[in-house]
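>>> Fold the following for me, if possible:
(one chain, ligands or ions: 1)
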Amino acid sequence: MARPILVTSALPYANGPPHFGHLTGAYLPADIFVRYQRLIGSEVVFICGTDEHGVGVTLAAEQEGVPYQEVVDRWHKVWLDACTRLGIEFDNFSQTSRRDPHFGLSQEFFRRLFHNGHLEKKETQQYYSAATDRFLADRYVRGTCYICGHENARGDECPKCGSWLESSKLLDPRSALDPDEKLELRDAWQFEIDLAPFKDDPAIKPWLDEFRKGLKPNVVTFVFDKTIEGEGLESRPISRDLPWGVPIPEQDLDGESIGDVAGKVLYVWFEAPIGYISSTIEWARREDRDWRRYWIRKPGEEGARLIHFIGKDNITFHCILWPAMLAWQTLERDFEGRQGPGPGEEYVRPENVPANEFLNLEGRKFSKSEGWYIDVQDFLERYDADMARYYLCAAMPETADSDFLWREFKVRTDELANTFGNFASRVLKFAAKYFENRVPPLVGLEDEAQAIAAAIETRTQALVDHIENYRFRRALAEFRGLAEDGDKFMDRTKPWQLRKTDLDAAGSSIHLALQLLPPLSVLAAPFVPVLSARLRAMLNLSERTPGPLLPAERLEAGHALGEAAVLVEKVPDEQIEAEVAALRARAGDAPS
Ligand SMILES: [Zn+2]
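So this is what the prediction gives:
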């Protein structure tokens, strides 16, 4: 029996809108993969939600003077709308600020790790604001980067050199809320997770060796060469002093006090990925399904296939920290209120983490503040979602950074119209005009019939192989390639000439050309679902029953076709010129 598949997209941070870089990195490829799995009849669930805790949210809300919840609810809605309009169909899109079940489950993660000896209290020094009577976590502190000298570094990260920073070491420190306030350094403490045992832990090693084999080369380099064998793994803080987040639990698994944890919450990097599980639980409750089927492996079972689609900035978390958190949840005893794995069971660990590189815009990073962006909602007012999906997949940064280029958007969408759109329209119009809009009979043309069958089989198998190995650009090329095969066939058999001397021979040619259209509608479905459905309507085919893609569907002689129309509209040249001009004007007008 086939294993169920759980697909996730990185939980977006709820403090700003999505841009095409985000959508192309972790959301569109996951959606293509899920649509493909549904097509072949796999049992698959697609999970996501917004990551709503952490300093980016509290700082934004405090500067704006609104409640934290208001900020995260706003961006949650914007993200969900943008994804929905782009045809990205999650089974559940949750929020990590929803308490049930997320808070309890996150606290359970902490308590199991604490019980298993993976957490320790570490003394640190942190800036303290006397005026607001609190420790200033991470981005609440601004100052000069102690690595590159950049003057406006954030407490956790330098935007110039990209280094991870410790806020207590910043030069010329100041509060992000009030730059004039004098800050004092005070003794503090946080919980840390010790990651040093990760690479040799016998509970992790077999999984890690297997996991490595399936990863894309860019991910292997980052995780193994650069991190595990390069910088090495050490302790990382998992708590923060913040008024917004999941509180550190007060008691351990035996009901003993953990200490004075008042005011401490789980660090957002630790708690956010648990949102994948809480969002699955939310889905399962609504659909009356069993979430454990996707997350928990019983002894002797393989468990579900867990696949996390992410951008390259999340690689370390998903390949090291998160698997460590999952592996170290295992316990040989039960306890009151347990949600996760029972004795003998364990959480499944990722089978793969297909991570994309970054997509830039016309050679520069997307930046809302610099006016260098495309408003996704606005874009989708003017262009069909499928046009965006086709182009973004063709430009997907699978192995290296790539660019959204307006002129390339035109070239690629023209290519879709000229191959897929044009071939389908050509064949269907011919059938409508000369064969009473029915599939004409096939007489002779044995060699051509074989060539058509071989093209369908070869292209379909190649597409399947590419998608199953997360090579979406190459999969897309196979879909387009099948339409190109069709065009070549038409040019070779020339039904428009044959028609004048031998209508039956022209009919045979059209019969064979028509056989390419049902498989084309199927291969199109993961990438351009609306166009796929439109083509099926033109073919008068109902929705396809999920199952293997081969043997391909056939159109029998005499089958009545639907109404032929233009399948793909081209974008006018002037419109592209206007888009580029508008982008440059906006960037030129933006404060520098
Ligand atoms: Zn720096």
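>>> which residues in the stretch 1-150 of the chain form strands?
Secondary structure of the stretch 1-150 of the chain (DSSP state E, counting those that start in this stretch): strands at 5-9, 44-50, 92-95, 119-129, 134-135, 141-144.
>>> between these, which gets the lowest average pLDDT?
Note on those: strand 134-135 shows the lowest mean pLDDT, a mean of 86.
>>> So which residues make contact with that one?
By CB atoms under 8 Å, 6 or more residues apart in numbering, the list of residues contacting strand 134-135 from outside reads 126-129, 186, 188, 241, 243, 263. (C-beta placed from N, C-alpha, C; glycine too.)
>>> if we take the residues you listed, which one ends up nearest to Pro529?
Lowest distance from Pro529 to the contacts of strand 134-135 (CB to CB) belongs to Pro243, with 43.1 Å.
>>> Spell out which residues of the chain are next to the ion.
145, 147-148, 150, 158, 160-161 (CB under 5 Å from the ion).
>>> Can I get those in CSV including neighbour count?
Shown next, in CSV, are the residues of the chain next to the ion (neighbours: other CB atoms under 10 Å):
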residue, neighbour count
Cys145, 21
Ile147, 14
Cys148, 12
His150, 16
Cys158, 20
Lys160, 14
Cys161, 13
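>>> Reformat those residues as TSV; add pLDDT and distance to Leu531.
Shown next, in TSV, are the residues of the chain next to the ion (pLDDT from 0 to 100; distance: CB to CB, whole Å):
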residue	pLDDT	distance to Leu531
Cys145	93	48
Ile147	90	49
Cys148	92	48
His150	93	47
Cys158	86	44
Lys160	83	43
Cys161	80	44
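>>> re the thing from before, ranking by neighbours, what's the top pick from the contacts of strand 134-135?
For the contacts of strand 134-135, the largest number of neighbours (other CB atoms under 10 Å) sits with Gln126, at 24 neighbours.
>>> Three-state assignment for the residue nearest to that one when sequence neighbours are not counted, please.
Of all residues not flanking Gln126 in the chain, Ala188 sits nearest, at 4.2 Å (CB to CB, 6 or more residues apart in numbering). Secondary structure, DSSP: H, G, I helix; E, B strand; the rest coil: Ala188 is strand.
>>> Contact partners for Ala188?
123-126, 128, 135, 241.
>>> Let's have those residues in JSON lines, adding distance to Glu64.
Listed next are the contacts of Ala188 as JSON lines, based on distance: CB to CB, whole Å:
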{"residue": "Glu123", "distance to Glu64": "35"}
{"residue": "Thr124", "distance to Glu64": "30"}
{"residue": "Gln125", "distance to Glu64": "30"}
{"residue": "Gln126", "distance to Glu64": "25"}
{"residue": "Tyr128", "distance to Glu64": "24"}
{"residue": "Phe135", "distance to Glu64": "22"}
{"residue": "Asp241", "distance to Glu64": "22"}
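>>> Of those, which pair is most distant in space?
The largest separation in these, counting by CB to CB, is between Glu123 and Tyr128 at 14.7 Å.
>>> rewinding a little: possible to save the strands of the stretch 1-150 of the chain as TSV with distance to Glu579?
Converted to TSV, the strands of the stretch 1-150 of the chain look like this (distance: least, CB to CB, whole Å):
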stretch	distance to Glu579
strand 5-9	27
strand 44-50	29
strand 92-95	29
strand 119-129	45
strand 134-135	46
strand 141-144	36
